[in-house]
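> What shape does this take:
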Amino acid sequence: MTTGMLSREEIRRRVDALGPWFHNLDLRGVSTAPTHFLGDYPNVKWRRFAEIIPDDLTGKSVLDIGCNAGFYAMEMKRRGADRVLGLDSDEDYLAQARFAADVNGLDIEFRKLSAYDVGQLGERFDLVIFMGVLYHLRHPLLALDLIREYVVGDQLLFQSMQRGSSEVDEIARNYDFWTTSPFDSPGYPRMHFIEHKYADDPTNWWAPNRACVEAMLRSAGFAILAHPEEEVYLCRKVPRPQPDGPVYPARGEK
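Below is the predicted model of the structure:
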């Protein structure tokens, strides 16, 4: 029996076997995470910024880095994107994503690959999605550098958990050695390091404030086009403000 012919009861059994799920997906009437602590997530978040992505993505290519169970990859395919590739480093999430895409009849490729190794793909994409990944990485700015260097052809859809102040200070391009007061301001870019766990997750390494997220995006060579939701940014690839690129070349063609 093909996936498209599965009964609701069989879909439920497969969903249970593939769990636990972080993405709450509707698979022909079967919810994958109906008791999610964030509610109908990520759909409840997507509805707050969905309008910044064109309804028609015909002719476009999309890369979803850290795709989890494939919610955003599937939304892009539903909008007509010609090619959608989802990446994750977790085989369990990839199994969920492949099953969900099959149930929904969506032609999406999923591969196991780290954000640090996107250079292996050897191609650029019209839209790169990098949602909910930055703070799970030991080396977040390196990942942003590599993503810009090797896979972003035009735009980046970015999201990160934020903690601390939402204020954004005007920062001078330089301060002398004895000027320390800016570092004490709530609106100065800062990223809190989490040594052990946050929300019971040992991969939550960082908690940036808003100013830090925006500064990191600019530093990596992204201009912010839209900020439709408190954690979400639509960016365009631009020249980096400094000549320094990734500290090591990614494996694969530039």
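> okay but residue 115 is in contact with residue 150, surely?
No - at 10.7 Å, residue 115 does not count as touching residue 150 under the criterion of Cβ atoms under 8 Å. (Glycine included, C-beta is placed from N, CA and C.)
> got the contact list for the closest residue to residue 55 other than its chain neighbours?
Distances taken as Cβ to Cβ, 6 or more residues apart in numbering place residue 79 nearest to residue 55, at 6.0 Å, with adjacent residues excluded. Applying Cβ atoms under 8 Å, 6 or more residues apart in numbering to residue 79 gives the contacts 53, 54, 55, 56, 57.
> what pLDDT does residue 79 get?
Per-residue pLDDT puts residue 79 at 98.
> what does residue 244 give?
The model's pLDDT for residue 244 equals 73.
> helix, strand or coil for it?
What DSSP: H, G, I helix; E, B strand; the rest coil gives for residue 244 is coil.
> and if you look at residue 44?
In three-state terms, and counting by three-state DSSP, residue 44 is helix.
> Against residue 57, how distant is it?
Taking Cβ to Cβ, to the nearest Å as the criterion, residue 44 is separated from residue 57 by 22 Å.
> quick one, which of those two is more surrounded?
residue 57 (20 against 12; other Cβ atoms under 10 Å).
> Now do the contacts for that one.
76, 79, 80, 81, 82, 127.
> Export the lengthiest helix in the chain to CSV, keeping only CA atoms.
Taking DSSP state H as the assignment, the helix of the chain that covers the most residues is helix 91-103. Only the C-alpha atoms of helix 91-103 are listed here, as CSV (Å, rounded to 0.1, in the frame of the first residue of the first chain):
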residue,chain,number,x,y,z
GLU,A,91,17.5,11.1,11.1
ASP,A,92,14.4,11.0,13.2
TYR,A,93,13.2,14.4,12.0
LEU,A,94,14.1,13.5,8.4
ALA,A,95,12.0,10.3,8.6
GLN,A,96,9.1,12.4,9.9
ALA,A,97,9.5,14.9,7.1
ARG,A,98,9.7,12.2,4.3
PHE,A,99,6.5,10.5,5.7
ALA,A,100,4.6,13.8,6.0
ALA,A,101,5.5,14.9,2.5
ASP,A,102,4.5,11.5,1.1
VAL,A,103,1.1,11.7,2.9
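> now the contacts of residue 79: which count as buried?
Among the contacts of residue 79, those buried by neighbour count (16 or more other Cβ atoms under 10 Å) are 53, 57.
> between the contacts of residue 79, which is nearest residue 190?
residue 53 (30.0 Å; Cβ to Cβ).
> Surely that closest one touches residue 129?
No - assessed by Cβ under 8 Å, residue 53 is found out of contact with residue 129, at 9.4 Å.
> which residues are common contacts for these two?
Joint contacts of residue 53 and residue 129 (Cβ under 8 Å, 6+ apart) are 76, 157.
> Please, where are all the helices along the stretch 1-150 of the chain?
Secondary structure of the stretch 1-150 of the chain by DSSP state H, counting those that start in this stretch: the helices cover 8-18, 43-46, 71-78, 91-103, 140-150.
> Let me have those in a markdown table, extended by distance to residue 166.
Putting the helices of the stretch 1-150 of the chain into a markdown table (distance: least, Cβ to Cβ, whole Å) gives the following:
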| stretch | distance to residue 166 |
| --- | --- |
| helix 8-18 | 37 |
| helix 43-46 | 17 |
| helix 71-78 | 24 |
| helix 91-103 | 30 |
| helix 140-150 | 19 |
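> which one of those helices lies closest to residue 25?
helix 91-103 (5.3 Å).
> For the closest one, enumerate the helices and strands it packs against.
helix 8-18, helix 71-78, strand 83-88, strand 109-112 (3 or more Cβ pairs under 8 Å, 6 or more residues apart in numbering; DSSP states H and E).
> For residue 243, find the nearest of the helices of the stretch 1-150 of the chain.
helix 140-150 (12.1 Å).
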